[in-house]
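Enquirer: Below is the structure, and that's it, no one-letter string:
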């Protein structure tokens, strides 16, 4: 049986962080919208979710950005207070968009 991928992105928005670079690459919040599969905690279900990730650089392809180490998927995304309104707006817009 083939294992479902943990993340399947339907849409995203890159929101520039008001602070920080890594190796001269700007820090962004990648607001992911799609499905998540909780293999251990909920192995039989896939859930729609909105997930903020830290991303360095502007790579649009989610899997490529993860494989290149541009997306920090192993630690939480700390949303700075001054960026919170823009991040929340992006989440709301992605939720309201039609996805098949």
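Expert: That came through, no problem. Source: prediction; values computed, not measured.
Enquirer: And the most centrally placed residue in the chain, how far from residue 60?
Expert: The centroid of the chain falls nearest to residue 32 when counting by CA atoms, centre = their mean (3.4 Å). In this structure, residue 32 and residue 60 are 12 Å apart, going by CB to CB, to the nearest Å. C-beta here means a position set from N, CA and C on the backbone, and glycine is covered the same way.
Enquirer: Any chance you could list residues touching both of the two?
Expert: By the contact definition CB atoms under 8 Å, 6 or more residues apart in numbering, residue 32 and residue 60 are jointly contacted by residue 12.
Enquirer: coming back round to it: grab the nearest non-local neighbour of the residue nearest to the centre of the chain.
Expert: In this structure, residue 32 finds its nearest non-sequential neighbour in residue 51, 4.4 Å apart by CB to CB, 6 or more residues apart in numbering.
Enquirer: do the same with residue 53
Expert: residue 30 (4.4 Å).
Enquirer: What about the one you found, how many residues nearby?
Expert: Counted with other CB atoms under 10 Å, the neighbours of residue 30 add up to 27.
Enquirer: Which of the helices or strands spans it?
Expert: Secondary structure assignment for residue 30, by DSSP states H and E: strand 25-37.
Enquirer: Paired strands for that strand, with orientation please.
Expert: The pairing partners recorded for strand 25-37 under DSSP bridges are strand 7-22 (antiparallel), strand 46-56 (antiparallel).
Enquirer: Output the ones you listed as a markdown table; include the columns distance to residue 67.
Expert: Formatted as a markdown table, those follow (distance: least, CB to CB, whole Å):
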| stretch | distance to residue 67 |
| --- | --- |
| strand 7-22 | 13 |
| strand 46-56 | 13 |
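Enquirer: any idea whether residue 85 is helix, strand or coil?
Expert: What DSSP: H, G, I helix; E, B strand; the rest coil gives for residue 85 is helix.
Enquirer: Thanks again, I'm all set now.
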